[in-house]
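**Q** From the sequence below, what's the structure:
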Amino acid sequence: MNFADRDPALRPLLDRVLSADDRARVEPLLAELGELAAGELDRQAALADANPPQLVQYAPDGTRIDEIAFHPAHDRAAAIAYERFGLAAMSHRPGVHGWPSKVPHTVKYALSYLYVQSEFGMACPLSMTDSAARILRLFDPERYAAEIAALSSTDPELRATGAMFMTEKQGGTDVGLTETVATDQGGHWTLTGKKWFASNPGADVILTLARVPGQGEGTRGLGMFLVPRLRPDGTRNAIRIDRLKDKLGSKSIASGEVTLDEAYATPVGQLTDGFRQMAEMLNVSRLSNAMRATALMRRAVRESVDHTRVRHVFGKPLFEQPLMRATLLPMIIDTEAALHLVVEAAARLTEADAGDAAARELVRVLTPLAKHTLCKRARTVTGEAMEIRGGNGYIEDWVNPRLVRDAHLGSIWEGSSNVIALDVLRCMRRQAAHRTLVGTYGDRAETRERWELLRKKGDALLELPSEEQEMRIGRYADELTRAVMETLLYDQAAHEARTTGNGRALLVARTCTALLDDPDTPPRTALDHLAELAEGGHIPLETAEEPAAHARAAHA
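**A** Sure, this is the predicted structure:
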């Protein structure tokens, strides 16, 4: 099996969004990683999940060492990600896989999406390593040139991993309650405090926030610091790993509780900008969360399709039974729509990094929208896939329990769904982000009416008292997300109709519209062509037009 070959949407989408040169460069990587993800990586991921990291606090002679021992399966999965494919290096230097410039974010997220379909946990330190290099490159590139080089290296002898320690026991969402204190020692600083959720606590390069004396209260009093695993003289820094968390999922990687005991640290950029710098790191981590959710959905859908193809009940395969087809259809459509949204946000991030101010404003709202909606939907899709498999789906011999456990992480870390929805509201209040979305996606004929309604609804929302706005923003954020995905599906449909004459993408888009307007009545044409929707194939354009009548009737 090859996960890239079994994905009906990935290659056609990349055909549209990548230049011809980039598309040619990525193809052998898709083929190789797709095969690894379906084979060796999948086996290593299962082993790493069953054999989580162990904390070794003391050496045999009683010396405090605070090291983390990993199963060899973890190390092999890490080598595939960091070294063979350079997933943490792509955005920071030219030459990775022959790219003359930095690899576009679209390529990085497309490859990461294949990787995560087998190994979810590793994507967390990967994302933090990538994000740490990004922050240092944006805000203090000269001082930290060596750290950036190490974080973006694919050499097993040279590469470093990154982490961000932000959460403290008394303040998770409310970062302004951070109590860790920074003390100026002249040539460097020391940090003293406790971090409650520290993923990848054995990282080489840690970015964290600490309170700078005299700088004020709340978030304005926080500066960003780099805390290295080793001091400049090569001795172990004063980072004490108190214990590792026993997590529901993401078991292949370590998360711990950490005490900084006058730990050696150096400032990143202007200390007055600490929270803004961390917000930048957080935003790209949130996009990674949305990508991971999409990957889990794709794996869950593939497992469900394959199972229902071979499982016979009452004399015929489950896949051919009406209720099962109605169950699978929205899972298939939402998974494909999610991939389009992640790739769209990645493309806009590439434009923003190149200096496009409009793209930066757009990605600022696309990212929380994607995280809010896709991470929630992944919990439902993976749970549905477990139920579709039946009793075996509940047994750890199969991948479904791991998918369900991992899916719950995305809606929690880097901000729970309510926090993310409030971030969308903040974008609306500050820059009328809903109008930005209308201006960007509202011209397509098939979705223009929906966008006009959403514009009016957003304007009305902002006229409400503050408490009413906050109470209603969750549902409205989902509506915005789904309208973006619907529009992107029609963009893809137009491209495929023009370039290949295939109506499959159009049927996906029409079915998305139909289910948005009437989720309880799946269109007959889509159900009749479920195999092509699930696995790819040619659908005549005239056939793909039929769900439009269904959608118009439902809307009326």
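
**Q** State the three-state secondary structure for Glu446.
**A** Three-state assignment for Glu446 (DSSP: H, G, I helix; E, B strand; the rest coil): coil.

**Q** Local confidence estimate at it?
**A** On pLDDT, Glu446 comes in at 96.

**Q** distance of Val212 from Thr106?
**A** Distance, Val212 to Thr106, using Cβ to Cβ, to the nearest Å: 38 Å. The C-beta positions use only the backbone N, C-alpha and C, and glycine is treated the same way.

**Q** which residues sit in contact with Asn418?
**A** Counting by Cβ atoms under 8 Å, 6 or more residues apart in numbering, Asn418 makes contact with Gly474.

**Q** no wait, Phe3
**A** 34-35, 37-38, 114, 117-118, 298-299, 302.

**Q** For these, pick the one with the most neighbours.
**A** Among the contacts of Phe3, the one with the most neighbours (other Cβ atoms under 10 Å) is Gln117, at 30 neighbours.

**Q** Tell me if I'm right that it and Gly34 touch.
**A** No: using Cβ atoms under 8 Å, Gln117 is not in contact with Gly34; the gap is 9.1 Å.

**Q** what's around Phe165, how many residues?
**A** Phe165: 29 neighbours (other Cβ under 10 Å).

**Q** and it, backbone torsions?
**A** The phi/psi pair for Phe165 (degrees, to the nearest 10) reads phi -100, psi 110.

**Q** tell me which residues form a beta bridge with it?
**A** Bridge pairing for Phe165 (DSSP bridges) gives the partners Thr208.

**Q** So for it, what's the pLDDT?
**A** 94.

**Q** what residues are up against it?
**A** For Phe165, counting by Cβ under 8 Å, 6+ apart, the contacting residues are 195, 198, 201, 206-208, 227, 258.

**Q** now these as CSV including pLDDT, secondary structure and neighbour count?
**A** Converted to CSV, the contacts of Phe165 look like this (pLDDT from 0 to 100; DSSP: H, G, I helix; E, B strand; the rest coil; neighbours: other Cβ atoms under 10 Å):
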residue, pLDDT, secondary structure, neighbour count
Lys195, 96, strand, 27
Ala198, 95, strand, 28
Pro201, 97, coil, 27
Ile206, 98, strand, 29
Leu207, 97, strand, 25
Thr208, 97, strand, 29
Val227, 98, strand, 25
Val258, 98, strand, 25
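
**Q** Which one of the residues you listed is nearest to Arg64?
**A** Nearest to Arg64 among these, counting by Cβ to Cβ, is Val258 at 13.5 Å.

**Q** what about Asp242, which helix or strand?
**A** strand 239-244 (DSSP states H and E).

**Q** Can you name the next helix or strand after the strand or helix carrying Ser127?
**A** Using DSSP H and E, Ser127 sits within helix 123-139. If you walk from helix 123-139 toward the C-terminus, the next helix or strand you reach (DSSP H and E) is helix 145-151.

**Q** buried ones in that following helix?
**A** 147-151 (16 or more other Cβ atoms under 10 Å).

**Q** Out of the residues you listed, flag the one nearest to Asn289.
**A** Closest to Asn289, out of all of these and judged by Cβ to Cβ, is Leu151, at 19.9 Å.

**Q** That closest one against Val205, yeah?
**A** Yes: assessed by Cβ under 8 Å, Leu151 is found in contact with Val205 at 6.1 Å.

**Q** intersection of neighbour lists for these two?
**A** Both Leu151 and Val205 are contacted by 129, 132, 160-162, under the criterion Cβ under 8 Å, 6+ apart.

**Q** want to throw those residues into CSV with distance to Gly393, neighbour count and pLDDT?
**A** Shown next, in CSV, are the shared contacts of Leu151 and Val205 (distance: Cβ to Cβ, whole Å; neighbours: other Cβ atoms under 10 Å; pLDDT from 0 to 100):
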residue, distance to Gly393, neighbour count, pLDDT
Thr129, 33, 28, 97
Ala132, 37, 29, 97
Ala160, 39, 22, 98
Thr161, 34, 21, 98
Gly162, 35, 28, 98
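
**Q** so where is the protein shaky, pLDDT-wise?
**A** By pLDDT under 70, the low-scoring segments of the chain are 547-556.

**Q** By residue count, tell me the biggest helix in it.
**A** If you go by DSSP state H, the chain has its longest helix at helix 274-310.

**Q** Buried residues in it, which are they?
**A** Buried-residue list, helix 274-310, by 16+ other Cβ under 10 Å: 274-275, 277-278, 280-308.

**Q** Chain neighbours aside, what residue packs nearest to Arg405?
**A** Spatial nearest neighbour of Arg405, chain neighbours left out: Gly249 (3.2 Å); criterion: Cβ to Cβ, 6 or more residues apart in numbering.

**Q** Now do the SS call for the one you found.
**A** coil.

**Q** Can you give me the distance of it to Arg236?
**A** 30 Å.

**Q** same question, Ala494
**A** The gap separating Ala494 from Arg236 is 58 Å, by Cβ to Cβ.

**Q** Look at those two and report which has more neighbours.
**A** Shown here are Ala494 and Arg236; by other Cβ under 10 Å, Ala494 has more neighbours (16 against 13).

**Q** Which strands or helices does the helix or strand hosting the more buried one pack on?
**A** Using DSSP H and E, Ala494 sits within helix 466-499. Applying 3 or more Cβ pairs under 8 Å, 6 or more residues apart in numbering; DSSP states H and E, we find helix 466-499 packed against helix 10-17, helix 322-353, helix 357-389, helix 417-431, helix 433-441, helix 448-463, helix 504-517.

**Q** show me what contacts the closest residue to Ser417 other than its chain neighbours?
**A** What sits nearest to Ser417 in space, not counting adjacent residues and going by Cβ to Cβ, 6+ apart, is Ser411, at 5.1 Å. Applying Cβ under 8 Å, 6+ apart, we find Ser411 in contact with 375-376, 379, 417.

**Q** if you set the cut-off to 10 Å instead, what comes out?
**A** Ser411 makes contact with 289, 293, 371-372, 374-379, 417-418, 420, according to Cβ atoms under 10 Å, 6 or more residues apart in numbering.

**Q** can you check Cys124 too?
**A** Taking Cβ under 10 Å, 6+ apart, one finds 163, 199-200, 250, 252-255, 285, 288-289, 292, 409, 413-414 in contact with Cys124.

**Q** try it again with 6 Å
**A** 199, 253 (Cβ atoms under 6 Å, 6 or more residues apart in numbering).
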